[in-house]
Structure formats: structure tokens, C-alpha cells
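Student: Prediction below, plus the sequence it came from.
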Amino acid sequence: MSYIKKIAIDLRFLKINDNYSDFIINLTKIIIQNNNNYFFEIFTNKNFWNYFNFWNSQTKLFKNGFIKDNLNFWNFLNKNNFDFAIFFSSKSPIFYKKKYILFVETLANIHFPNNQNVIRKYLDNFFFTKNIKKATKICVFNEITKDEINDKYNIFEWNIEIINWAFLKKELEKQENLSDLRIKYNIKWDFYIYSAWAWNDKNLWKLIEVFKKIEKNLLILDEETIKDVNFRKKVINENLINKIFFIWETNLFEKDFFYRNSLWVLYPVLYSNFPFYLNDALNYNKEIFASNLKIIKNIFENKISYFNPNNTEDFIKTLETKKGENIDYDDIFTKYNIEKSSINLNKIIKSL
């Protein structure tokens with residue numbers, strides 16, 4: 001009987017209603033199903049306990065929280081005889097001592113650190129550098145990020161692999177007999193959607209500057225941004241509570257209504273590794289208004305509209321001169337699909 005390799009996969013970071021988490025869940029399922037000669041041990045949190053029911057895998061529950069929780073996890077991982085591990089979060093493998101594949105999902109926290117003290121910034125950079133230097137293979141989503149890691153962190157080019165980025169195509173069923181939610185939420189004007197989570201690179205303050213000057217509404221649909229107390233306070237202080245709406249706990253019916261009736265989906269970021277958070281916009285065929293960053297333009301080319309993320313007037317001019325329309329994104333889904341992602345990752349797994 002041939003030896004079966006045993007692989008650990010750390011999925012403790014997974015979040016509900018998060019596009020990157022959805023991508024990783026689907027990628028992990030395909031990898032497990034297509035590799036019957038491997039055994040996978042999945043470590044995840046309680047929200048995703050029943051997601052991976054395959055004969056060649058088992059799931060273990062571990063918290064991704066306080067120092068004690070993490071130390072328990074690392075002690076368990078290091079004591080077990082895994083051939084290698086896969087970490088889909090670059091923050092994960094701080095104390096892992098064996099071979100591992102590391103996904104660098106974004107460099108936003110390095111380029112745009114959140115409001116934190118100097119010591120925390122130093123530690124974040126220290127551990128990130130340590131993690132990528134120890135990695136057997138590093139996976140990124142584009143050539144630009146590969147070059148940056150190669151140059152800035154002095155990582156050998158052959159240790160960095162590009163994984164095909166992917167958007168997830170969904171079957172949408174239009175919800176019938178739903179009352180006009182504009183009345184429920186007192187939405188007075190045509191509205192746009194923002195749903196790309198909160199971080200310093202997201203350029204949320206630019207949205208406040210823009211909507212102070214135009215008679216349109218903005219709907220914030222993701223809970224991470226809604227929970228950003230500083231952003232909410234700024235909206236209140238600028239007297240924008242009748243223009244910018246925080247829609248808590250959107251159900252499928254409401255989400256369907258908002259996307260189908262919105263003008264555009266806004267993506268005013270200052271940095272992007274891969275725009276996973278535009279997945280819903282693509283599925284609803286909504287026009288996207290995004291920052292004119294090279295990574296985004298390489299993906300969408302002339303499919304969407306662009307603006308200078310540092311120029312408020314450029315932002316406003318485009319919004320006022322163009323009406324939103326439905327766009328056919330089938331070619332984007334074909335080019336950036338998860339089957340290609342799984343082929344890329346399979347090659348790396350088989351090389352170790």
C-alpha cells in the first residue's frame with residue numbers, strides 16, 4: 001500500500017458573508033475532491049464545522065482568538081505528523097515549524113495599517129516577514145504582488161506562485177412580491193451600493209466628500225463597514241444620515257432588491273490585490289465604478305468605469321454624467337474561474 005500524504009489546512013479565519021472566505025471554501029472543497037490520494041485535516045471555527053464532509057478529510061474545531069487559543073492550535077499542529085500545511089491567511093503560520101504553502105491574500109494591512117500603536121505595527125510587519133520567509137511556497141493573485149514580494153522581502157522568484165484569481169458565479173432567483181424598500185428606509189434618490197468592507201485602503205472618507213455634494217443616496221451593505229464606529233460618527237457629524245444608509249443584517253430578499261435597483265456599485269479603494277468584494281456586483285450585472293488602479297484595470301479593462309481615487313471632482317463628474325446600466329460579465333467569470341485556481345494549487349501540492 002502506497003503512503004498517503006497528510007495535509008493540514010488552517011481555515012480558522014473564515015468569516016460569514018465574506019467573498020474571500022467563499023472563494024477559499026470552494027477552492028478547498030475542489031482540492032479535497034480531486035486528491036483522493038491525500039488525507040486532509042481541516043481546522044476551522046464553529047460557523048463552518050459541517051462544510052467539508054469528504055471521505056478523505058476530517059474537520060477539527062479550533063478557535064482563532066486569544067493567545068491561549070492560538071498556542072493550543074500551534075502545539076497540536078507541530079506535534080502531529082503532517083507532510084505539510086496550507087495557510088490561506090498570511091497571518092497564520094507564526095509558530096509552525098514544518099513545510100507550508102502560504103497564501104498572501106492582500107498587502108493592504110502592510111501598506112495601509114489600521115489605526116494602531118507603533119509596537120503593533122512593528123509586530124505585524126515582523127510576523128508577516130517571518131511568515132513569508134519561512135514558507136515553502138508563497139501563493140499570490142497577480143504578477144504585481146509577486147514582483148513586490150520578490151523585491152521588498154528578497155524572496156526567490158521560484159518560491160512565489162501565481163494562483164488564478166476567481167469570481168464565483170451564482171444562480172440568482174429574483175424575489176417576487178417584495179415591497180419597495182426605498183419607502184421602508186426612506187431612500188429619497190437614486191442610490192449606489194458600497195460593500196467592500198472597512199480598512200484604511202478602502203478610502204471610505206472619499207465617499208463622504210462625494211455624497212456631501214451630490215443628490216444621490218449611498219447604501220452600505222456589509223457589516224464590517226457598518227461596525228466602523230469612526231465612519232458612522234463621521235457620517236452623523238457631516239449631516240449625511242439622510243444620504244448614507246447603513247443597512248444592518250440584509251436578508252436575501254432585501255439584498256436582491258438593492259442590487260437590482262441600484263445604479264452602480266462603488267469601489268473607491270486606494271489599493272487592491274484582487275477585488276473579491278465585487279463578486280455580487282458581477283453576479284447582478286451591475287455597472288462598477290472603481291479606482292483606476294492597474295490591478296483592477298488589468299482584470300476589467302473597458303468593462304467598467306474608472307476614476308482617480310484621490311480626486312473628488314473626478315469622482316463626482318463621472319457619477320453625474322453617466323447612468324448605471326447592466327453589464328454582461330460572462331467573459332470575466334470564464335477567465336477568472338475557480339477551476340483554474342484549483343489546477344494552479346494542485347500543481348503546487350503535487351510538487352511538495
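Tutor: Ah, there it is. Numbers count the residues shown, from 1 in each chain.

Student: what residues are up against E148?
Tutor: Each residue near E148 by CB atoms under 8 Å, 6 or more residues apart in numbering is listed here: L107. From N, CA and C alone the C-beta is placed, and that goes for glycine too.

Student: repeat for F127
Tutor: Going by CB under 8 Å, 6+ apart, F127 touches K91, I94.

Student: secondary structure element for it?
Tutor: helix 118-134 (DSSP states H and E).

Student: Same check on R260?
Tutor: According to DSSP H and E, R260 maps onto helix 252-261.

Student: Packing partners of that helix?
Tutor: For helix 252-261, the packing partners by 3 or more CB pairs under 8 Å, 6 or more residues apart in numbering; DSSP states H and E come out as helix 181-184, strand 191-194, helix 279-283.

Student: Now mean pLDDT too, for those, in JSON lines please.
Tutor: Below are the helices and strands packed on helix 252-261 laid out as JSON lines (pLDDT from 0 to 100):
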{"stretch": "helix 181-184", "mean pLDDT": "86"}
{"stretch": "strand 191-194", "mean pLDDT": "93"}
{"stretch": "helix 279-283", "mean pLDDT": "95"}
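
Student: Give me the helices and strands touching the least confident helix or strand in the chain by mean pLDDT, please.
Tutor: None of the helices or strands of the chain scores lower by mean pLDDT, DSSP states H and E than helix 108-111, at a mean of 76. Helices and strands touching helix 108-111, as assessed by 3+ CB pairs under 8 Å, 6+ apart, comprise helix 118-134.

Student: after the helix it packs on, next one along is what?
Tutor: strand 137-140.

Student: okay, the angle between the next helix-or-strand element following that following strand and helix 118-134?
Tutor: Beyond strand 137-140 on the C-terminal side, the first helix or strand identified by DSSP H and E is helix 143-152. Helix 143-152 runs at 100 degrees relative to helix 118-134, counting by axes from the mean of the first three to the mean of the last three CA atoms, to 10 degrees.

Student: mind listing what's buried in the helix holding R260?
Tutor: For helix 252-261, the neighbour count (16 or more other CB atoms under 10 Å) marks E254, K255, D256, F257, F258, Y259 as buried.

Student: now swap in stretch 84-92 and tell me
Tutor: Neighbour count says stretch 84-92 has F84, A85, I86, F87, F88, S89, S90, S92 buried, by 16+ other CB under 10 Å.

Student: pLDDT of it, averaged?
Tutor: Mean per-residue pLDDT for stretch 84-92: 88.

Student: Return the alpha-carbon coordinates of the least confident helix or strand of the chain using CSV.
Tutor: Extracted as CSV, the C-alpha positions of helix 108-111 are listed here (Å, rounded to 0.1, in the frame of the first residue of the first chain):
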residue,chain,number,x,y,z
ALA,A,108,-3.3,46.2,2.4
ASN,A,109,-2.5,45.7,6.1
ILE,A,110,1.2,46.4,5.3
HIS,A,111,0.7,49.4,3.0
